[in-house]
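# sequence-free structure coming up:
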C-alpha cells in the first residue's frame with residue numbers, strides 16, 4: 001500500500017470518527033427535569049447518557065490518534081511504535097489506524 005492510499009484511508013477514518021463524535025455528543029445531552037417522562041424512562045435516559053459519554057470519550061481518543069498518525073504520514077516516524085521505536089506492521093495500521101503502538105507494547 002502506498003502513501004496516497006494510506007492518506008485516503010486515514011482521511012476516511014477521520015471523517016467517520018468526526019461524524020460519530022457529533023452523534024455521540026447529540027445523544028449524550030442531559031435529560032431535562034422538566035421533560036415529563038416516567039421515573040423508569042428517566043433512569044433509562046440517564047443510563048444511556050452515561051454509555052454515550054463513554055463512547056464519546058473513546059471516539060475522541062481515536063480521533064486524536066488518527067490525526068496524530070495522519071500528521072506523521074510521510075515522515076520517518078510514521079509506522080513506528082512510540083514506545084519501542086520498532087516498525088508497526090502495515091496490517092495493524094490498516095486494522096487500527098489510530099494505534100501508535102505495536103502489539104507487544106499495546107498490552
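Perfect, I can see it now. No experiment lies behind these values; they were computed from the predicted model shown.

# make it CA atoms for all contacts and neighbour counts henceforth
Will do.

# Remind me which helix or strand residue 83 belongs to.
Here residue 83 is covered by no helix or strand, with elements defined by DSSP states H and E.

# before we move on, what about residue 11?
Per DSSP H and E: helix 3-27 holds residue 11.

# same for that helix, what does it pack against?
Counting contacts by 3 or more CA pairs under 8 Å, 6 or more residues apart in numbering; DSSP states H and E, helix 3-27 packs against helix 39-72.

# now the helix it packs on against helix 3-27, angle please.
Angle of helix 39-72 versus helix 3-27, following axes from the mean of the first three to the mean of the last three CA atoms, to 10 degrees, is 160 degrees.

# residues of stretch 81-98 that come out buried?
Neighbour counts over stretch 81-98 (16 or more other CA atoms under 10 Å) mark 81-82, 88, 92-93, 97-98 as buried.

# Residue 47: which of these is nearest?
The nearest member of the buried residues of stretch 81-98 to residue 47, counting by CA to CA, is residue 98 at 28.1 Å.

# and the gap between the residue nearest to residue 11 when sequence neighbours are not counted and residue 93?
If the residues on either side of it in the chain are set aside, residue 11 comes closest to residue 70, at 7.7 Å by CA to CA, 6 or more residues apart in numbering. Residue 70 sits 11 Å away from residue 93, taking CA to CA, to the nearest Å as the criterion.

# Okay, now the unreliable bits of this structure?
Scanning the chain for pLDDT under 70 picks out the ranges 31-39.

# So which residue is smack in the middle of it?
residue 62 (2.3 Å; CA atoms, centre = their mean).
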